[in-house]
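# Provided below for reference: sequence and predicted model.
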Amino acid sequence: MVKINRVHMNYENPLIGAEEMPQFGWEIESSKRDVVQKSYQLQISENEKFEELVYDSGVVWSEESAHIRPQDVKLQSARKYFVRVKIQDQVETSLWSEPAYFLTALLNETWRAPFVSADTEEADKQSSKGTYVRGCFEVKKPVREAIAFATGLGLYQFFLNGEKVGEDEMTPGWTSYRKHLLYQTYDVKNLLKEGTNVAGAMLGPGWYKGAMGLTKSRNNYGDQTGFAIVDGFQGQERDVILISLVRANEDGKIGFLNDLRRMNVAITRARMKLMILGDASTLTRHAFYKELYNYISQRGKIITINTKQEHEL
């Protein structure tokens with residue numbers, strides 16, 4: 001029996017923070033001797049059931065099992081992609097491998113998260129003490145996927161619900177902070193829960209503002225440490241988003257809009273203006289959209305369009 005023992009991407013599994021299509025490889029295991037791969041098939045999908053394929057190589061007649069890089073596939077920012085492979089040897093075809101996955105970084109996007117600091121401008125300027133920042137947020141539904149991008153001015157350790165995120169140390173690393181700042185990508189799905197979640201970071205001065213070199217000079221790049229984080233929708237924001245919802249219907253059916261995640265995502269992606277087009281009498285039969293309508297009535301602007309035109313003969 002022949003099977004795929006392990007799929008790797010750039011020799012890692014999982015691969016976190018991919019900036020381009022990785023190279024794929026796999027390890028073959030067989031109960032027989034002198035087994036040689038004759039063909040392979042590689043698939044990449046946006047879900048673990050491989051129902052949303054972004055790439056399917058088809059059957060490729062090749063003995064290559066390393067350095068396979070698919071061409072003409074456009075990856076999206078802040079996205080998880082699942083990968084699987086099956087091969088054929090001289091006699092039989094293997095089953096699909098167990099899914100592997102990789103996370104993409106912020107591809108060609110500008111970082112827009114503000115820094116949070118516990119340092120005061122004057123009192124802590126000459127201090128090397130560590131500080132701690134934290135905040136709470138709500139998760140109202142089961143988490144499907146969650147990606148966090150984090151960075152700091154100084155050194156940071158990132159925590160979610162009391163658990164350290166990742167295994168990195170001395171993050172984000174030493175750079176010329178005024179010109180170049182590194183960030184880290186984390187898969188945080190398993191650290192989140194429904195209800196109240198707590199995010200925090202321990203900050204140290206590090207190379208950013210700490211004492212350095214023989215002269216013990218301070219504040220070489222700045223005098224306040226800071227921490228910044230963005231979620232997986234950062235790379236998919238737009239200045240203006242227009243959403244066309246439902247037409248009027250007597251049954252009050254709103255179809256796919258029952259999945260409120262779609263609307264929540266749209267709201268978070270609009271940087272400057274969110275425009276919603278739909279029939280208010282139908283939408284407001286749903287509790288969420290009724291509350292949204294009332295909120296817009298108080299804080300935003302509602303424009304009524306009369307589609308019925310009367311003609312005099």
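Arrived safely. Everything quoted here is computed from the prediction, not taken from an experiment.
# Going by C-alpha atoms from here, please, whenever you check contacts or count neighbours.
Fine.
# distance of the nearest residue to Val35 once chain neighbours are set aside from Pro70?
Of all residues not flanking Val35 in the chain, Asp89 sits nearest, at 6.5 Å (C-alpha to C-alpha, 6 or more residues apart in numbering). As defined by C-alpha to C-alpha, to the nearest Å, Asp89 lies at a distance of 22 Å from Pro70.
# swap in Gln298?
Taking C-alpha to C-alpha, one finds Gln298 at 51 Å from Pro70.
# ok, the residue nearest to Val35 touching Arg33?
No - using C-alpha atoms under 8 Å, Asp89 makes no contact with Arg33, being 11.5 Å away.
# Point out where the chain drops to low pLDDT.
Applying pLDDT under 70 to the chain flags residues 110, 231-271, 305-313.
# 80 instead, please
108-114, 121-123, 230-279, 282-283, 303-313 (pLDDT under 80).
# If you count contacts, what does whichever helix in it runs longest end up packed against?
Scanning the chain for the longest helix, with DSSP state H as the assignment, gives helix 287-299. Judged by 3 or more C-alpha pairs under 8 Å, 6 or more residues apart in numbering; DSSP states H and E, the packing partners of helix 287-299 are helix 280-283.
# mind running it again at 10 Å?
On a contact count with 3 or more C-alpha pairs under 10 Å, 6 or more residues apart in numbering; DSSP states H and E, helix 287-299 meets helix 260-269, helix 280-283.
# Can you name every helix or strand that the shortest one contacts?
Right, the one you point to is helix 280-283. Using 3+ C-alpha pairs under 10 Å, 6+ apart, the elements in contact with helix 280-283 are helix 287-299.
# what about the helix it packs on, distance to the chain center?
Centre-to-centre, helix 287-299 and its host chain are 28 Å apart (C-alpha atoms, centre = their mean, to the nearest Å).
# Quick check: buried residues in it?
Tyr289, Lys290, Tyr293 (16 or more other C-alpha atoms under 10 Å).
# Met275 and Lys3, how far apart?
For Met275, the distance to Lys3 - C-alpha to C-alpha - is 52 Å.
# hang on, the earlier thing: got the buried residues of helix 287-299 as CSV, with distance to Ala66 columns?
Listed next are those as CSV, based on distance: C-alpha to C-alpha, whole Å:
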residue, distance to Ala66
Tyr289, 51
Lys290, 54
Tyr293, 54
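# which one is Tyr40 nearest to, not counting chain neighbours?
Using C-alpha to C-alpha, 6+ apart and skipping residues adjacent in sequence, the residue nearest Tyr40 is Ile87, 4.2 Å away.
# Are we agreed that that neighbour is in a helix?
No - secondary structure of Ile87 (DSSP: H, G, I helix; E, B strand; the rest coil): strand, not part of a helix.
# How many neighbouring residues does it have?
28 (other C-alpha atoms under 10 Å).
# Quick check on Met275 and Lys3: which one has the bigger neighbour count.
Lys3 (21 against 13).
# Just to check, the more buried one is in contact with Ser30?
Yes - between Lys3 and Ser30 a contact is recorded at 6.3 Å, counting by C-alpha atoms under 10 Å.
# any common contacting residues for the two?
Taking C-alpha atoms under 10 Å, 6 or more residues apart in numbering as the contact rule, the neighbours common to Lys3 and Ser30 are Asp89, Ser94.
# Does Thr225 touch Ala201 like I think?
No - look at Thr225 against Ala201 with C-alpha under 10 Å: they stay out of range, at 11.2 Å.
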